[in-house]
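Enquirer: Need the 3D shape of this:
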Amino acid sequence: MLEKTLWHPVALTEAVTNAPLAATLLGESLVLWRSTDGQAHAWLDRCPHRGARLSLGRVHENRLECPYHGWQFDTAGVCSQVPALPAFTPPQSHCTTAFEVQVAYGLVWVRLARPTGEDTLLPAFDDAGLRSVNCGPYDVATSAPRVVENFLDMAHFSFVHEGWLGSREHTHIEDYRVEARPHGVRATGCKAWQPRSNLHSVAPAQVEYVYEVTAPYAAVLGKVPEAGSTAVDGWRESIGLFVCPLTPESCRVWFRLAMADFDSPDDQLRAFQHTIFLQDQPVLESQQPRCLPLDLQAELHTAADRLSSAYRRHLRQLGITFGTC
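Expert: Next up, the predicted model:
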């Protein structure tokens, strides 16, 4: 499965500590923990002895201890102690299933399998020169691709986000450009009239968007409102969407907010995005089927859906099956 060779976010960096933390990725149960050197670890949440969940155990002397029989596993995932047999030296084969881990964008990322060909990279996100803060997680009862497609969609602004990102008096979606990129698709020339486009809006504004799909379950948008429509001169922002596919029909969502605001409290920055996504969530969870149809004949499309249609074609070309139908 291609999806297993991709990097996926599984937890906020600060959530992974020296206490075991349960997580789910692509239907697999994981246990996350951090050793004394600060390294984050991700293992299959199953003791190889009798199958108990390691996330119910504890970290003791830099080893993860199983809650059932107290087997202890070192940072390499190898059993170093079997309390029932103090004189026994476990062989290297007495080990857990360990996965690769990276930390980036304030998140812990896990890859379940190494690709056989070209190496896979983390989804790109450039927040240079901006102030960044993460928002989430949100557990959503729909597939990861449905969430990404919603993020790419402007036509819903006037209805789902009326009074914020759109108005029923300004529903027209102007023509925009979509192009294929090495790791996804990109749309430019996207425009939306918004009553309140950001936290510091002081007047309705025409806002220009640039969208880019950076991985099957990740995307970035950049937005710049008209000059004089915000209380902060030179306002610009970039929002990264990072989605962890839990099951084919459920996911966990984080946003990384990067903006030209170096003074507002973190919670104030999060509050705006929180309001917007809580407007999206019930609509997302109402969509049927929850998996995203990749057959372009399965649902209707218009020119306003050019970007989401390109996203569906991209997933189909890649062979993405987790969360699609």
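Enquirer: use CA for all of it now, contacts and neighbours both
Expert: Noted.
Enquirer: what comes up buried for the lengthiest helix in the chain?
Expert: Using DSSP state H to define each element, the chain has its longest helix at helix 266-286. Within helix 266-286, the residues scored as buried using 16 or more other Cα atoms under 10 Å are 269, 270, 272, 273, 274, 277, 280, 281, 284, 285.
Enquirer: by contact count, what packs against it?
Expert: Contact partners of helix 266-286 among helices and strands, from 3 or more Cα pairs under 8 Å, 6 or more residues apart in numbering; DSSP states H and E: strand 131-140, helix 144-151.
Enquirer: try 7 Å
Expert: strand 131-140 (3 or more Cα pairs under 7 Å, 6 or more residues apart in numbering; DSSP states H and E).
Enquirer: How about the contacts made by residue 192?
Expert: With contact set as Cα atoms under 7 Å, 6 or more residues apart in numbering, residue 192 has these partners: 206, 207, 208.
Enquirer: again, only this time at 8 Å
Expert: For residue 192, the contacting residues are 154, 165, 166, 173, 206, 207, 208, 209, taking Cα atoms under 8 Å, 6 or more residues apart in numbering as the criterion.
Enquirer: Verify the stated contact: the third one with residue 204.
Expert: No - when contacts are counted by Cα atoms under 8 Å, residue 166 is not listed as touching residue 204 (9.5 Å).
Enquirer: Tell me the residues that contact both of those two, please.
Expert: Here residue 166 and residue 204 share the contacting residues 193, 194, 195, scored by Cα under 8 Å, 6+ apart.
Enquirer: The first one in helix, strand or coil?
Expert: Just to be clear, that refers to residue 193. Of the three states, residue 193 takes strand under DSSP: H, G, I helix; E, B strand; the rest coil.
Enquirer: quick one: pLDDT of it?
Expert: You'll see residue 193 listed with a pLDDT of 93.
Enquirer: hey, what's it bridged with?
Expert: residue 206 (DSSP bridges).
Enquirer: is it true that it touches residue 203?
Expert: No - judged on Cα under 8 Å, residue 193 makes no contact with residue 203 at a distance of 10.9 Å.
Enquirer: Can you pick out the residue with more neighbours from the two?
Expert: The neighbour count for residue 193 versus residue 203, taken as other Cα atoms under 10 Å, is higher for residue 193 (24 against 14).
Enquirer: sorry, back to before: if you count what's nearby, which of residue 166 and residue 204 comes out ahead?
Expert: For residue 166 versus residue 204, neighbours defined as other Cα under 10 Å are more numerous around residue 166 (24 against 19).
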